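Student: the following block contains a protein sequence and its predicted model.
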Amino acid sequence: MRFSFVLLLAVLGCFLLAQESGAATGTSTTVAATTSASATTTVASTATTTVAPSTATTTVASSTSDTTTASSSSSGSNSAAARRRRPARRRTRAFIRRRRQLRRQRQERRRRRMLQLDARQRRLINQLRG
């Protein structure tokens with residue numbers, strides 16, 4: 001209990017000391033610290049100092065939000081996963097290419113047969129007319 005009280009007083013003393021150094025210049029201080037290398041942890045804290053002519057008023061607002069998502073070590077495994085998926089993609093693309101090629105060949109054979117049938121029918125019609 002006493003330790004936490006002393007710790008609280010020490011933290012408030014540090015804030016007051018920091019604000020007094022900012023109050024000497026008459027400025028308002030806003031501190032925002034954001035750490036986000038690959039979306040690991042985000043911490044933001046804000047300290048605002050308002051200085052009146054006769055009294056110094058200190059407002060300390062601190063908000064801490066920890067967001068933990070994918071760690072940086074998994075970014076290396078993403079490339080490994082991508083390397084594992086590449087052969088599957090190649091096989092899929094090759095399969096699609098073969099399927100399209102076979103479809104074109106079937107269409108071409110069908111077109112030739114239809115042309116042959118059309119030519120045969122024309123010859124028959126000409127023989128009957130003639």
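Tutor: Thanks, I have the structure now.
Student: in the protein, which helix has the most residues?
Tutor: Of all segments of type helix in the chain, defined using DSSP state H, the longest is helix 73-129.
Student: what does the domain assignment say about the protein?
Tutor: Here the domain parsing of the chain from automatic domain parsing is 2-61, 72-130.
Student: which of those domains comes out lowest on mean pLDDT?
Tutor: Lowest mean pLDDT of these: domain 2-61, a mean of 60.
Student: how much space between R129 and F3?
Tutor: For R129, the distance to F3 equals 115 Å [CB to CB, to the nearest Å]. Every residue, glycine included, has its C-beta placed from N, CA and C.
Student: do the same with Q107
Tutor: Using CB to CB, we find Q107 at a distance of 84 Å from F3.
Student: what's the answer for R111, then?
Tutor: Computed as CB to CB, the R111 to F3 distance reads 90 Å.
Student: these two - which one has more neighbours?
Tutor: Between R111 and F3, R111 has the larger neighbour count (other CB atoms under 10 Å), namely 10 against 7.
Student: next, count neighbours for Q19.
Tutor: Around Q19 sit 22 other residues, with neighbours defined as other CB under 10 Å.
Student: please, which helix or strand holds it?
Tutor: helix 2-25 (DSSP states H and E).
Student: can I get that helix in PDB, CA atoms only?
Tutor: What follows is helix 2-25, C-alpha atoms only, in PDB (Å, rounded to 0.1, in the frame of the first residue of the first chain):
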ATOM      1  CA  ARG A   2       2.700   2.500   1.000                       C
ATOM      2  CA  PHE A   3       4.900   1.400  -1.900                       C
ATOM      3  CA  SER A   4       2.000   2.100  -4.400                       C
ATOM      4  CA  PHE A   5       1.400   5.500  -2.700                       C
ATOM      5  CA  VAL A   6       5.100   6.400  -3.000                       C
ATOM      6  CA  LEU A   7       5.200   5.200  -6.600                       C
ATOM      7  CA  LEU A   8       2.100   7.300  -7.400                       C
ATOM      8  CA  LEU A   9       3.700  10.400  -5.700                       C
ATOM      9  CA  ALA A  10       6.900   9.800  -7.700                       C
ATOM     10  CA  VAL A  11       5.000   9.600 -11.000                       C
ATOM     11  CA  LEU A  12       3.000  12.700 -10.200                       C
ATOM     12  CA  GLY A  13       6.300  14.500  -9.200                       C
ATOM     13  CA  CYS A  14       7.800  13.500 -12.500                       C
ATOM     14  CA  PHE A  15       4.800  14.900 -14.300                       C
ATOM     15  CA  LEU A  16       4.800  18.100 -12.300                       C
ATOM     16  CA  LEU A  17       8.500  18.500 -13.000                       C
ATOM     17  CA  ALA A  18       8.000  18.000 -16.700                       C
ATOM     18  CA  GLN A  19       5.100  20.400 -16.700                       C
ATOM     19  CA  GLU A  20       7.000  23.100 -14.800                       C
ATOM     20  CA  SER A  21       9.700  22.900 -17.400                       C
ATOM     21  CA  GLY A  22       7.100  23.300 -20.100                       C
ATOM     22  CA  ALA A  23       5.300  26.000 -18.000                       C
ATOM     23  CA  ALA A  24       8.400  28.100 -17.900                       C
ATOM     24  CA  THR A  25       8.200  28.500 -21.600                       C
END
